[in-house]
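Peer 1: below are the sequence and a predicted model for it; my questions follow.
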Amino acid sequence: KVFAKAEALCKEYGETKGPGTTAKPSGHLFFRKLGSLIKNTLEKCQRENGFIYFQKVPAEAPQLELKANYGLVEPVPFEFPALNTHWTPETVAAFDLTKRPKDDTAKPKPDEEVKPLKEPDIKPQKDSGCQIS
């Protein structure tokens, strides 16, 4: 029932005029595979219910209880820690950024020129002692 509704919405979206009309969700591989998977699962459930379980399938799915009562930890409410005795109003007022000293180090320094290094001349040696047998 829900898949049929989603399929109708996808087809309506694909026929909508405007930008993005190249997207056709109803033709995507995922959506096509999902339809056959749902259909096969429904047929299997009906077949097995018919000769194994003999239970009546409800027309509407029952409403499930969404609150889990197992496997979950109770949340601990967050509380701010108590203020330290060192944090007085005078200490907090000392952090006023408008009263900071002028800093000349904020100017970017010019980049130094990188001097090239001379690499040593490495020649392959024939007499390394290794033999290939």
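Peer 2: Here it is on my side, so go on.
Peer 1: show me where this protein has its helices.
Peer 2: All helices of the chain, identified by DSSP state H, fall at 2-14, 29-48, 89-93.
Peer 1: quick one: closest of those to residue 22.
Peer 2: helix 2-14 (9.4 Å; C-beta to C-beta). In short, each C-beta sits where N, CA and C put it, glycine included.
Peer 1: now the closest residue to residue 46 other than its chain neighbours: how far from residue 67?
Peer 2: With sequence-adjacent residues excluded and distances taken as C-beta to C-beta, 6 or more residues apart in numbering, residue 46 is closest to residue 57, at 7.2 Å. Distance of residue 57 to residue 67, given as C-beta to C-beta, to the nearest Å: 26 Å.
Peer 1: returning to that earlier point: most packed of the helices of the chain?
Peer 2: Each of the helices of the chain was assessed for mean neighbour count using mean count of other C-beta atoms under 10 Å. The highest is helix 2-14, with a mean of 13.
Peer 1: quick one: distance of that helix to the chain centre.
Peer 2: 26 Å (C-alpha atoms, centre = their mean, to the nearest Å).
Peer 1: give the other helices and strands that it contacts.
Peer 2: helix 29-48 (3 or more C-beta pairs under 8 Å, 6 or more residues apart in numbering; DSSP states H and E).
Peer 1: which residues are in contact with the helix it packs on?
Peer 2: Residues outside helix 29-48 that contact it (C-beta atoms under 8 Å, 6 or more residues apart in numbering): 3, 7, 10, 25, 57.
Peer 1: per-residue confidence for the fourth one?
Peer 2: The predicted structure scores residue 25 at 81 on the pLDDT scale.
Peer 1: report how many residues lie close to it.
Peer 2: 14 (other C-beta atoms under 10 Å).
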